[in-house]
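Peer 1: all I have is the shape, not the residue letters:
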């Protein structure tokens with residue numbers, strides 16, 4: 001698979017007649033290895049190992065109902081009181097991060113009301129704080145550690 005703009009990791013892979021699968025440590029099962037899944041597995045591992053995002057406070061492929069339609073967040077990070085804190089949207093490496101992607105996450109946020117968005121295609125990473133009063137974003141220079149998100153003193 002493609003080397004991303006992330007540390008390199010080793011993963012458990014399994015080949016079957018249905019294709020190549022990768023072990024997802026959050027969902028605790030093998031999932032089909034697609035380009036987007038490759039980004040998800042690498043990025044979530046980076047958040048857990050380098051940024052101390054607690055594995056127990058993350059949900060992968062969380063289904064939501066927004067305006068009567070079923071939607072799926074790639075991942076949601078929760079705070080220690082189990083309130084949604086961050087929407088994590090991950091795209092395949094060939095997908096450009098555009099305003100459309102931010103709009104997609106904003107739709108999810110109409111239901112979740114999180115403070116932070118994190119969006120990546122494995123090469124470009126964007127993390128921002130949501131300003132609900134004027135529907136704007138304040139971008140971080142990098143990806144903050146989990147402890148900085150909780151302190152909320154980390155103004156962008």
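Peer 2: Cool, got the structure. Computed from a predicted structure; not experimentally measured.
Peer 1: tell me how many other residues surround residue 50.
Peer 2: Per other Cβ atoms under 10 Å, the neighbour tally for residue 50 reads 12. Yep, even glycine has a C-beta here, placed from its N, CA and C like the rest.
Peer 1: pretty sure it is touching residue 9, no?
Peer 2: No - judged on Cβ atoms under 8 Å, residue 50 makes no contact with residue 9 at a distance of 10.7 Å.
Peer 1: quick one, what contacts the nearest residue to residue 92 once chain neighbours are set aside?
Peer 2: Among residues not flanking residue 92 along the chain, residue 35 sits closest, at 3.8 Å (Cβ to Cβ, 6 or more residues apart in numbering). By Cβ atoms under 8 Å, 6 or more residues apart in numbering, the residues touching residue 35 are 1, 2, 92, 93, 94.
Peer 1: can I get those residues in JSON lines including secondary structure, pLDDT and distance to residue 133?
Peer 2: Compiled in JSON lines, the contacts of residue 35 are given as follows (DSSP: H, G, I helix; E, B strand; the rest coil; pLDDT from 0 to 100; distance: Cβ to Cβ, whole Å):
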{"residue": "1", "secondary structure": "coil", "pLDDT": "77", "distance to residue 133": "41"}
{"residue": "2", "secondary structure": "coil", "pLDDT": "88", "distance to residue 133": "39"}
{"residue": "92", "secondary structure": "coil", "pLDDT": "97", "distance to residue 133": "33"}
{"residue": "93", "secondary structure": "coil", "pLDDT": "97", "distance to residue 133": "34"}
{"residue": "94", "secondary structure": "coil", "pLDDT": "97", "distance to residue 133": "35"}
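Peer 1: of the residues you listed - the most surrounded one?
Peer 2: residue 93 leads the contacts of residue 35 on contacts (other Cβ under 10 Å) with 18 neighbours.
Peer 1: which residues are in contact with that residue?
Peer 2: Contacts of residue 93 by Cβ under 8 Å, 6+ apart are 2, 4, 35, 38, 39, 121, 122, 123.
Peer 1: which residue ranges form the strands in this protein?
Peer 2: Here the chain has its strands, by DSSP state E, at 13-16, 19-24, 29-32, 58-66, 69-78, 84-90, 116-120, 125-131, 136-139.
Peer 1: redo these as TSV? Include mean neighbour count.
Peer 2: Listed next are these as TSV, based on neighbours: other Cβ atoms under 10 Å:
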stretch	mean neighbour count
strand 13-16	10
strand 19-24	16
strand 29-32	12
strand 58-66	15
strand 69-78	17
strand 84-90	23
strand 116-120	23
strand 125-131	18
strand 136-139	12
